[in-house]
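S.K.: My questions are about this predicted structure, shown below with the sequence.
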Amino acid sequence: GQQVMQIPQYQHVQEGEDFTTYCNSSTTLSNIQWYKQRPGGHPVFLIQLVKSGEVKKQKRLTFQFGEAKKNSSLHITATQTTDVGTYFCAGRNAGNMLTFGGGTRLMVKP
Amino acid sequence: DVKVTQSSRYLVKRTGEKVFLECVQDMDHENMFWYRQDPGLGLRLIYFSYDVKMKEKGDIPEGYSVSREKKERFSLILESASTNQTSMYLCASSLSTSGGPGPNYNEQFFGPGTRLTVL
């Protein structure tokens, strides 16, 4: 079945440093979604990417969808303590099934 | 705002007990999902439903069943709880699983989760 791998599993950064999490699918995706889960909270939708090579920005967050639609990344510029949490990618295949990656837990030292 | 609620935040059960986890959404969404979340494994889909009385197996349905008698309610049932079912259970709903108007048409809205411990 479809597999979605996400790296790294954990990342410690100093406040103000940049952060990137990478997502790779074993199959070509029709779209990819990103979610954020704060400690003790539930996943909250951030964005969906649909087109090959698409890049979207939300303030300090930049999301990219690879040309082959098999990988994606989330980059945070100048992290803040409010960015703490676990970031999940979720890839949708041609059969409309959404598969979540294992998540990257971001910890930010003030 | 879409609201997805789950019947309990924390639940402790004994091995062999029958366990019901309930989820209710108030936005008339067609699709509802049950996931379990374990450290390092992300969210794994147990079952989903795209309509009343319809259900589909996800990636890890063994040991679980579901019920959807009303559009707003989706129940997860553990017929005989086992210790390896100790986990965080998350319910979600969405308007559609296919493309539609707007970029976020199939966004999933999650409930707060139920942390189940089976002793």
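M.R.: Alright, I've got the coordinates. For clarity, every value in this text was computed on a predicted model and none was experimentally measured.
S.K.: just checking, A:Lys57 is part of a strand?
M.R.: Yes. When classified by DSSP: H, G, I helix; E, B strand; the rest coil, A:Lys57 is found to be part of a strand.
S.K.: how close does it get to chain B?
M.R.: From A:Lys57 across to chain B, the span is 14 Å (CB to the nearest CB, to the nearest Å). (C-beta placed from N, C-alpha, C; glycine too.)
S.K.: That residue contacts A:Leu74, correct?
M.R.: No. Checked against CB atoms under 8 Å, the pair A:Lys57 and A:Leu74 is beyond contact range at 11.0 Å.
S.K.: Can you check which residues contact both of the two?
M.R.: Applying CB atoms under 8 Å, 6 or more residues apart in numbering or on different chains, one finds that A:Lys57 and A:Leu74 are jointly contacted by A:Phe63.
S.K.: And the two? Which one has more around it.
M.R.: More crowded of A:Lys57 and A:Leu74, by other CB atoms under 10 Å in any protein chain shown: A:Leu74, with 24 against 12.
S.K.: tell me the contacts of A:Phe63?
M.R.: Residues in contact with A:Phe63 (CB under 8 Å, 6+ apart) are A:Trp34, A:Leu46, A:Ile47, A:Leu49, A:Glu54, A:Val55, A:Lys56, A:Lys57, A:Ser72, A:Ser73, A:Leu74, A:His75.
S.K.: Find the nearest non-adjacent residue to the first one, please.
M.R.: With CB to CB, 6 or more residues apart in numbering or on different chains as the measure, A:Leu46 is the residue that lies nearest to A:Trp34, at 4.4 Å, once sequence neighbours are left out.
S.K.: I figured the one you found hits A:Gln58, correct?
M.R.: Yes. If you go by CB under 8 Å, A:Leu46 and A:Gln58 touch, sitting 6.9 Å apart.
S.K.: the more surrounded of those two?
M.R.: Ranked by neighbour count (other CB under 10 Å), A:Leu46 and A:Gln58 place A:Leu46 first, with 19 against 12.
S.K.: how distant is the helix or strand hosting the more buried one from the center of its chain?
M.R.: Using DSSP states H and E, the element containing A:Leu46 is strand A:44-49. Counting by CA atoms, centre = their mean, to the nearest Å, strand A:44-49 is centred 9 Å from the centre of its parent chain.
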